[in-house]
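>>> Have a look at this prediction, sequence included:
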Amino acid sequence: MIPLAYNVRNLAVRWLPTSLTVVCIGLVIGVFVLALALAHGLEETLRSAGRTDNWIVMRAGADAEMQSMVTRETALEVVRQMPGVAKGSDGEPLLSAEIVVLRNMARHDGTKVNVTVRGVSPSAFELRPEIEIVAGRGLRPSMGEVLVSRRLAQRFPGKDVGATFRMARRDWTVVGHFDARGTSYDSEMWAYVNDVREAFERNDFSSATFRAESPEAGAEIARRVKDDKRLHSEAKTERAYYEAQTVAAAPILVLGTACSIIMAIGAASAGMITMFAAVSSRVRDIGTLRSIGFRESSILASFEIESVMIAIAGGVLGCALAYLRDGVVTQTTNFKTFSEVGFAFRVTPGLCLGGLAFAAGIGLVGGFLPARAAMRLPIATAVRGK
């Protein structure tokens with residue numbers, strides 16, 4: 001085999017074309033890893049909003065709360081009274097009957113998007129302890145008050161604490177901001193359910209969320225809800241519900257991967273051009289290597305190794321560029337609910353390893369043809385340097 005030092009020395013001598021190829025591949029891997037980080041961040045945001053001990057009751061067959069309808073009888077008189085529903089700190093069944101609606105609002109740049117408005121019961125905050133009020137105070141019923149997530153308040157004008165705005169049939173006052181620790185609730189506004197019902201003229205709830213005493217108790221309640229044909233409802237864990245919402249990340253992942261593949265073809269082409277140029281400038285070296293006994297397969301392997309080394313260096317550069325965006329918050333549309341959801345890029349070690357593997361694949365493909373051409377050069381021609 002040709003010593004690895006030969007490839008390292010050659011890369012150092014040809015530093016300019018090598019650097020350009022590294023940058024080209026680095027940009028490709030950066031886009032690839034960012035696309036994965038974007039989809040991963042959205043999935044984590046949606047999935048982390050659901051708890052395994054909370055169960056959500058919706059209309060049978062509904063994929064999202066906006067498409068669901070749960071009657072007051074179902075939520076308050078049937079499910080709330082079922083054995084197995086955990087008790088809250090006040091000794092009452094821990095259940096929040098909620099109305100979820102969309103409202104079109106303008107961001108600071110004037111772009112209008114759908115924002116989720118959630119009407120909640122007082123027990124909603126105990127059901128979701130990750131929700132923390134970080135500015136202002138909590139809600140008072142029948143006062144037209146609203147809590148806005150801190151992230152959402154940063155993106156939309158007129159959502160500071162103390163501000164008032166018109167929504168549906170009444171004016172609302174922002175009494176506080178909350179932090180939902182990176183979950184999908186960070187893209188919502190909360191108000192008391194009765195206020196939302198009156199303003200939006202809704203008679204029924206969208207869903208009812210309750211805490212089960214145990215997984216077995218939750219499963220039994222879900223079975224009873226499904227078997228009761230009068231209710232036309234079904235129950236599932238919050239975790240299962242929000243995991244189903246992660247389908248919103250699929251278009252991002254498909255688009256990002258497609259763009260990366262297109263760029264990868266360009267990067268592989270650039271790598272082949274670079275390697276062909278390298279072969280042309282080193283025909284004497286190749287002829288000498290073959291004349292002193294190195295096999296054609298060794299020359300092929302040497303050029304493949306050199307191409308992969310360049311590609312891996314580009315992969316490291318791409319991962320480093322992608323990591324600069326780690327934790328940066330962006331927004332997209334949840335294609336299940338058609339509402340805006342804010343989330344952060346999540347660049348993980350696993351995604352970086354995937355990027356490096358992708359880079360190695362580019363190197364193998366990009367180096368194969370010029371390596372094969374090098375292997376097939378006639379010894380006499382190569383020694384003459386022609």
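Looks like it came in fine.
>>> Chain neighbours aside, what residue packs nearest to residue 359?
Closest residue in space to residue 359, ignoring its immediate chain neighbours: residue 315 at 3.0 Å, by CB to CB, 6 or more residues apart in numbering. Where C-beta positions appear, they are placed from N, C-alpha and C, glycine not excepted.
>>> Residue 326 now?
With sequence-adjacent residues excluded and distances taken as CB to CB, 6+ apart, residue 326 is closest to residue 347, at 4.1 Å.
>>> What number of residues are in the vicinity of the residue nearest to residue 359?
Residues near residue 315, counting by other CB atoms under 10 Å, number 31.
>>> how about the strands in the stretch 1-150 of the chain?
Under the criterion DSSP state E, counting those that start in this stretch, the stretch 1-150 of the chain contains strands at 54-59, 95-106, 112-120, 132-136, 145-149.
>>> Mind listing the strands the third one pairs with, and their directions?
Put plainly, it is strand 112-120. Strand pairing for strand 112-120, using DSSP bridges, gives strand 95-106 (antiparallel), strand 188-192 (parallel).
>>> What are the boundaries of the helices in the protein?
Counting by DSSP state H, residue ranges of the helices within the chain are 4-13, 15-47, 72, 124-127, 150-155, 193-200, 215-227, 238-245, 250-281, 283-291, 296-323, 349-375, 379-384.
>>> What is the burial count for the closest residue to residue 151 other than its chain neighbours?
Using CB to CB, 6+ apart and skipping the chain neighbours, the partner closest in space to residue 151 is residue 186 (4.6 Å). Around residue 186 there are 22 other residues, counting by other CB under 10 Å.
>>> just the one 4 residues further on next, same as before
Residues within reach of residue 190, counting by other CB under 10 Å, total 26.
>>> How confident was the prediction at it?
The score at residue 190 is 97. That number is its pLDDT.
>>> from memory residue 326 sits against residue 346, does it?
Yes - using CB atoms under 8 Å as the test, residue 326 is close enough to residue 346 to be in contact (7.0 Å).
>>> what sits in contact with each of those two?
residue 37 (CB atoms under 8 Å, 6 or more residues apart in numbering).
>>> Looking at the two, which has the bigger crowd around it?
Legend: neighbour count by other CB under 10 Å for residue 326 and residue 346, higher for residue 346 (20 against 16).
>>> And that one, what's its pLDDT?
According to the model's per-residue confidence, residue 346 sits at a pLDDT of 88.
>>> what's it in contact with, if anything?
For residue 346, the contacting residues are 37, 40, 41, 44, 326, 327, by CB under 8 Å, 6+ apart.
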